[in-house]
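In: dropping the sequence and predicted coords here.
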Amino acid sequence: MIGYENSTPEGGLLMKSVGMDLDKRKAEILIAVVKHYIKTAEPVSSQTIVAEYGFNLCSATVRHGLAALESMGYLTHPHTSAGRVPTDKGYRFFVNSIKELGSSMMNRVNHLRTLYQRRDVEIEKLLKDTADLLASVTRHVALIMAPSIQTSTFKHLELLPIGEKLAMMVLITDTGRILKKVFQYPSAFNSLDLQRVAGLFNARFSGMEVEKIEGADIALSSSDLLLRPLVNQVKGILAQETTGFEEERVFLSGTSFMLQQPEFYDVGEVQSILDILEREYFLLNLLRDKLSGNKIVVKIGSEIERDELRHCSFVLTNYKFRGRRSGTVGVIGPTRMDYPRVISTIHFFEKSLTEYLDSFQV
């Protein structure tokens, strides 16, 4: 069984109470409505429930159950239709009721294993390709946050002369993240000094988390004391370039799939959604604040706490490297998404990405 957490604006209190007021019959009717609406995007009538979901009930009894579910806030109905559609609360109950998640989708993502056999590609390119594949499998917007350079481990540093007193710093981490920065170094130093400083950094910081480097010192021998200004400059560049939002990247793919969903016929609404998704700082804050532990998190409609995303759901989880949180993988789609299928897909991608990173050598 795949584990996942459910999240609400009230810190989980609403999630725990959702469904407590439902008897078995109402719960079964609600699940049938959600399943049918996910499949068709059409309001669901009592006749449809009786005809297609094997209820040994008359239409009037089901209709009474639908009315009760609406009064309890699990369903609503468009003014132009007698049928019902799920509310965020109805979707929340459905997600909470998921017990076992099928793995039939595994046959559709064999390409992922082929993708992760590659060792000749930078991690950013691989994550972008993973987001593209996740979007094509789920038919929703996919997002992947790259591993943070700060919480990655220092692997190797190169200081390469590229011009008159110009050098390129290349930092490689254990997660495969590569940071490149061109800088101008003082005229008192030469290319041999760059090589020496790079060697000092590799000897001192190999295996250390990048975020700890700024507070660590490098002891210099008497023959290297004159290199102190260059050492301090490189340390400063590392601290500046690996601090803040700029060093974490979010890869988005599949935004066109949103236009194919019937509930997003309003181009203005879709544009508002895409605008907010393109604000990388918002996504980074969302991913940091709403995810904890190793579980899959499902956020539905109003639970996201952004009016532009009131008709959307997020399914997200952390992928790991050597047992610690490394980044995030997930999808964004309409509240009418196929939650069991999406959750099992996210679980598979997280597991595959974690296994890849654990086997990664640079």
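Out: Sure thing, it's come through. Numbering: from 1, shown residues only.

In: how about residue 158, secondary structure?
Out: Classification of residue 158 using DSSP: H, G, I helix; E, B strand; the rest coil returns strand.

In: and the pLDDT at it?
Out: The pLDDT attached to residue 158 in the predicted structure is 97.

In: tell me the secondary structure at the closest residue in space to it that isn't next to it in sequence.
Out: Closest residue to residue 158 apart from its sequence neighbours, by Cβ to Cβ, 6 or more residues apart in numbering: residue 170 at 4.3 Å. Any C-beta I mention is one placed from the backbone N, CA and C, and that applies to glycine too. Judged by three-state DSSP, the three-state class of residue 170 is strand.

In: and what of the one 5 residues further on?
Out: Assigned with three-state DSSP, residue 175 falls in the coil class.

In: any idea where the helices of the protein begin and end?
Out: 13-17, 24-40, 46-52, 59-71, 88-97, 110-115, 123-138, 191-205, 228-241, 256-259, 267-277, 280-290, 339-358 (DSSP state H).

In: the fifth one - contacts with which helices or strands?
Out: Here helix 88-97 touches strand 4-6, helix 13-17, helix 24-40, strand 296-300, helix 339-358, going by 3 or more Cβ pairs under 8 Å, 6 or more residues apart in numbering; DSSP states H and E.

In: which one of these lies closest to residue 143?
Out: helix 339-358 (10.9 Å; Cβ to Cβ).

In: now the closest one: average pLDDT?
Out: Mean pLDDT, helix 339-358: 88.

In: same deal with stretch 67-87?
Out: Across stretch 67-87, the average pLDDT comes to 89.

In: quick one on the thing from earlier: what's around the residue nearest to residue 158, how many residues?
Out: Counted with other Cβ atoms under 10 Å, residues neighbouring residue 170 total 15.

In: ok, the closest residue to residue 209 other than its chain neighbours - contacts?
Out: Spatial nearest neighbour of residue 209, excluding adjacent residues (Cβ to Cβ, 6+ apart): residue 153 at 5.7 Å. Residues near residue 153 by Cβ atoms under 8 Å, 6 or more residues apart in numbering: 173-175, 207-210.

In: now render these as a markdown table, adding distance to residue 255.
Out: Shown next, in a markdown table, are those (distance: Cβ to Cβ, whole Å):
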| residue | distance to residue 255 |
| --- | --- |
| 173 | 29 |
| 174 | 32 |
| 175 | 26 |
| 207 | 39 |
| 208 | 38 |
| 209 | 34 |
| 210 | 32 |
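
In: could you flag which of the residues you listed are buried?
Out: 173-175, 210 (16 or more other Cβ atoms under 10 Å).

In: and of these, the nearest to residue 278?
Out: residue 175 (25.0 Å).

In: what's the closest of the contacts of residue 153 to residue 134?
Out: Among the contacts of residue 153, and counting by Cβ to Cβ, the member closest to residue 134 is residue 175, at 18.9 Å.

In: re the thing from before, now the helices of the chain as a markdown table including distance to residue 314 and mean neighbour count?
Out: Putting the helices of the chain into a markdown table (distance: least, Cβ to Cβ, whole Å; neighbours: other Cβ atoms under 10 Å) gives the following:
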| stretch | distance to residue 314 | mean neighbour count |
| --- | --- | --- |
| helix 13-17 | 15 | 14 |
| helix 24-40 | 16 | 19 |
| helix 46-52 | 29 | 17 |
| helix 59-71 | 25 | 17 |
| helix 88-97 | 12 | 22 |
| helix 110-115 | 21 | 13 |
| helix 123-138 | 12 | 20 |
| helix 191-205 | 37 | 17 |
| helix 228-241 | 30 | 17 |
| helix 256-259 | 13 | 15 |
| helix 267-277 | 11 | 14 |
| helix 280-290 | 8 | 16 |
| helix 339-358 | 10 | 20 |
